[in-house]
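Visitor: show me the folded form of this:
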Amino acid sequence: MPDLRQTRKKLKIALAIMAGVDLLACVIYFSPLVGSADSRRQELNQLQTELTVKTRQVAPLQNLPQKVVVASKQIGDFYKKRFPAQDSQIPTDFGKLAAANGVTIVQAQYPVKESGPGGLQRVEIEADLAGNYTALAKFINSLERADTFFIINSITLGGEPQGAVKLSVRLETYLKAGT
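Guide: Got it, this is the predicted structure:
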């Protein structure tokens, strides 16, 4: 037969330990260090709000490897479509845009600069144009929308009381280097 005294002694020790743990849990629960239920709820709401904000911040980074592949393809397409391979293509495109908008090219220079980063050569265009105001405005708009990549640096508008409006424009474009 088992010794009931020893078993009773072990049960008393176990009950005393569990009572101590319960007492400790009650002290912690009602302690001002932990805070009230309202303060814990407010802290939980604040943490959930922070989680939502952080999730929104990292959302653009989702599928980043796929986005890099797409961006690389778009850059390649941009280089193929927007930068001419032959230097004669620049004055041709510039002249077509002028003719399409009823603008006359009085004088134009197309000096090619040294190669820059990305295998591109900068081409500065200095042109004096003539036409009516509406045609010149449409020409500038068509330069911004052209397939060839033009960057307008400066525009000087002038004219005489009677006659065509004169426009001096400085712009740049890029040519694929080594072509």
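
Visitor: how about low-confidence regions in the protein?
Guide: 1-2, 32-36, 116, 161, 178-179 (pLDDT under 70).

Visitor: what segments of it are strands?
Guide: Using DSSP state E, the strands of the chain run over 104-109, 112-115, 120-131, 151-159, 165-176.

Visitor: buried residues in the first one, which are they?
Guide: Using 16 or more other Cβ atoms under 10 Å as the test for burial, strand 104-109 gives 105, 108. Using the backbone N, CA and C atoms, a C-beta is placed for each residue, glycine as well.

Visitor: how distant is it from the center of its chain?
Guide: Counting by Cα atoms, centre = their mean, to the nearest Å, strand 104-109 is centred 37 Å from the centre of its parent chain.

Visitor: strand partners (parallel or antiparallel) of that strand?
Guide: Using DSSP bridges, the strands paired with strand 104-109 are strand 120-131 (antiparallel).

Visitor: so which bits of the partner strand are buried?
Guide: Applying a neighbour-count criterion of 16+ other Cβ under 10 Å, one finds 120-123, 125-131 buried in strand 120-131.

Visitor: contact partners of it?
Guide: Outside strand 120-131, the residues that touch it by Cβ atoms under 8 Å, 6 or more residues apart in numbering are 83, 87, 90, 94, 98, 101-116, 136, 139, 150, 164-177.

Visitor: could you export that strand as PDB, CA atoms only?
Guide: Extracted in PDB, the C-alpha atoms of strand 120-131 (Å, rounded to 0.1, in the frame of the first residue of the first chain):
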ATOM      1  CA  LEU A 120      24.700  57.600 -75.700                       C
ATOM      2  CA  GLN A 121      26.000  60.700 -77.400                       C
ATOM      3  CA  ARG A 122      24.400  64.100 -76.600                       C
ATOM      4  CA  VAL A 123      23.300  66.100 -79.600                       C
ATOM      5  CA  GLU A 124      22.600  69.800 -79.000                       C
ATOM      6  CA  ILE A 125      20.200  71.400 -81.500                       C
ATOM      7  CA  GLU A 126      20.200  75.200 -81.900                       C
ATOM      8  CA  ALA A 127      17.500  76.200 -84.400                       C
ATOM      9  CA  ASP A 128      15.900  79.400 -85.600                       C
ATOM     10  CA  LEU A 129      12.300  78.900 -86.700                       C
ATOM     11  CA  ALA A 130       9.600  81.000 -88.300                       C
ATOM     12  CA  GLY A 131       5.900  80.700 -88.500                       C
END
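
Visitor: distance between that strand and the chain's centre?
Guide: That offset, for strand 120-131, works out to 29 Å (Cα atoms, centre = their mean).

Visitor: between it and strand 151-159, how many degrees?
Guide: 20 degrees (axes from the mean of the first three to the mean of the last three Cα atoms, to 10 degrees).

Visitor: ok, residue 98 to residue 62 distance?
Guide: 46 Å (Cβ to Cβ, to the nearest Å).
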